[in-house]
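Asks: I would like to see how this sequence folds:
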Amino acid sequence: MGTRITLRQLMQNASQATGLQDFGDTPFEEALQCLIDALEREARLDDNRRAEAARTLTTTLIKRLQLAADRKKYPAIAEEVITSPIFIVGLPRTGSTNLHSLIAQCEGIRAPRIWEMYMPSPPPAAATYLTDSRIATVQQGLTATISDELMTRHPMAADRPEQCNMLSDIAFMNWATLASYEIPSYRHWLLTADHTPSYQAHKQMLQQLQWQHPGQWVLKYPKHMFALDALLATYPDARFIWTHRDPGKVIPSVISLIETFRKATPDYDPKQLGREWATFEELGLYRGLSVRDRALSPNQIFDVHYSDVLRDPVGSIAAAFAHLGMTLSDKSRDNIRAFVADNPQTKHGVHSYTAAQYGLDESRLRNTHRTYIERFKL
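Replies: Okay, the predicted model is just below:
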């Protein structure tokens, strides 16, 4: 058995790698300790997976140290104002990744790319944004680690927009960790925790990325639905594009995606994952809808169906922009059409799955979500 992961050792390793000691002012130690405990007690780590987890956590701590150092070196970063960010939310596998990539083609839009979220220090500059050497560095890492199977389910590239959990990973309140490891105690902690530190970290990262490269932020992460109240406390002027699709299709699809990470767990059971994740997504959806109904005004939200974006991407985005008080330029329309032509739905292969693989039934899933289906005419 490899050396157990400890908070103290991770922090020492990160400090030694950077020569820095200040981890910044947003809380993280309770969350990281909870995650470490869950990994060691529940994740059934072998030596390789323990070493991989330790490297990932250390890399995130290094990012945290560097961000804190940048805020000291460049005090103007902390003065950046994040105005009316747009968040794409909804159940996973409802076309939000595609929609995010399409909107990112529009003039004036700032959608965070993978490379700058992985390596945000020093702050990216507009003049070198498309040629920054970090793009190649991050792409090399992705090429070495991202499987063809994952690319079929969720295309990734260093210069492509990505969901914004990487903006707040330095808070170690990262829902994405649940995909890779079976860690129920950490999941339960996340479900009951105050996510204010996570959104404080999220905002600090946006300030970092915006300082020398401003724009209208459009961000995407389905798991925002679990903590919309904390998001709104941090970004009270936030606006939302809410994506919708038949849950009978969505739930098996997302479980198939999670399986690409979770199947490395010894004695992995796809039907156990199916039951776990179907319940998890149900909870997130109705938490999000609860906050929506009590805290958001209709003019803050635009609802869009998966099928509508596939049928008419330009029209769908134009309608969303109009609802949110924005205009879709002719150049943006041309850019969207070009992206669609270059990125057909099956570019990286066909994603095949069935509900039965995961011990589920599409009709029962639809029945579970009947209220949601009827409300949004799915």
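Asks: for the stretch 151-300 of the chain, which segments count as helices?
Replies: Assignment of helices within the stretch 151-300 of the chain using DSSP state H, counting those that start in this stretch yields the ranges 177-180, 184-192, 196-210, 228-234, 247-262, 270-295.
Asks: and the first one, what does it pack against?
Replies: It stands for helix 177-180. Applying 3 or more Cβ pairs under 8 Å, 6 or more residues apart in numbering; DSSP states H and E, we find helix 177-180 packed against helix 184-192, helix 247-262. Just so you know, the C-beta spots here come from the backbone N, C-alpha and C atoms, and that holds for glycine as well.
Asks: how does it look with 6 Å?
Replies: In this structure, helix 177-180 makes packing contacts with helix 247-262, judged by 3 or more Cβ pairs under 6 Å, 6 or more residues apart in numbering; DSSP states H and E.
Asks: wait, what's in contact with Ala157?
Replies: Counting by Cβ atoms under 6 Å, 6 or more residues apart in numbering, Ala157 makes contact with nothing.
Asks: roughly how far does it sit from Gln140?
Replies: Between Ala157 and Gln140 the distance, using Cβ to Cβ, to the nearest Å, works out to 12 Å.
Asks: likewise for Met225?
Replies: As for Met225, its distance to Gln140 is 34 Å (criterion: Cβ to Cβ).
Asks: just Thr60 next, same as before
Replies: When Cβ to Cβ is the yardstick, Thr60 and Gln140 sit 19 Å from each other.
Asks: of the two, give the one with the bigger neighbour count.
Replies: Under the criterion of other Cβ atoms under 10 Å, the comparison of Thr60 against Gln140 puts Thr60 first, with 20 against 11.
Asks: quick one, helices of the stretch 1-150 of the chain?
Replies: 7-18, 29-42, 47-73, 96-103, 114-118, 133-145, 148-153.
Asks: buried residues in the third one?
Replies: Spelled out, that is helix 47-73. 49-50, 53-54, 57-71 (16 or more other Cβ atoms under 10 Å).
Asks: likewise for stretch 162-180?
Replies: For stretch 162-180, using 16+ other Cβ under 10 Å, the buried residues are 162-175, 177-178, 180.
Asks: for stretch 14-30, same thing?
Replies: For stretch 14-30, the buried set under the neighbour-count rule, 16+ other Cβ under 10 Å, comprises Ala14, Ser15, Thr18, Leu20, Phe23, Gly24, Thr26, Pro27, Phe28.
Asks: got TSV for the residues you listed, with pLDDT too?
Replies: What follows is the buried residues of stretch 14-30, written out as TSV (pLDDT from 0 to 100):
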residue	pLDDT
Ala14	98
Ser15	98
Thr18	98
Leu20	98
Phe23	98
Gly24	96
Thr26	95
Pro27	96
Phe28	98
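Asks: low pLDDT regions in this structure?
Replies: Counting by pLDDT under 70, the chain contains low-confidence ranges at 1-2, 147-154, 345-351.
Asks: if you set the cut-off to 90 instead, what comes out?
Replies: In the prediction, the chain carries residues with pLDDT under 90 at positions 1-3, 142-158, 261, 264, 343-353.
Asks: just say helix, strand or coil for Tyr353.
Replies: Going by DSSP: H, G, I helix; E, B strand; the rest coil, the secondary structure assigned to Tyr353 is coil.
Asks: okay, and Ser316 sits in which element?
Replies: In this structure, Ser316 sits in helix 313-323 according to DSSP states H and E.
Asks: give me the helices and strands touching that helix, please.
Replies: Secondary-structure packing of helix 313-323 (3+ Cβ pairs under 6 Å, 6+ apart): strand 301-305, helix 330-342.
Asks: change it to 8 Å
Replies: helix 96-103, strand 301-305, helix 306-311, helix 330-342.
Asks: return the most buried member of those.
Replies: Across the helices and strands packed on helix 313-323, the average number of neighbours (mean count of other Cβ atoms under 10 Å) peaks for helix 96-103, which reaches a mean of 23.
Asks: chain center to that helix, what's the gap?
Replies: 13 Å (Cα atoms, centre = their mean, to the nearest Å).
Asks: just the residues contacting that helix, thanks.
Replies: Identification of contacts with helix 96-103 by Cβ atoms under 8 Å, 6 or more residues apart in numbering yields 88-90, 109, 111, 154-155, 160-161, 163, 218, 220, 222, 241, 243, 304, 309, 313, 316-317, 336, 339-340, 343, 345.
Asks: let's have the helices of the stretch 1-150 of the chain in TSV, adding distance to Ser256.
Replies: As requested, the helices of the stretch 1-150 of the chain are exported to TSV (distance: least, Cβ to Cβ, whole Å):
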stretch	distance to Ser256
helix 7-18	32
helix 29-42	23
helix 47-73	21
helix 96-103	15
helix 114-118	22
helix 133-145	19
helix 148-153	7
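Asks: of all those helices, which one is nearest Ser329?
Replies: Nearest to Ser329 among the helices of the stretch 1-150 of the chain is helix 96-103 (12.7 Å), distances taken as Cβ to Cβ.
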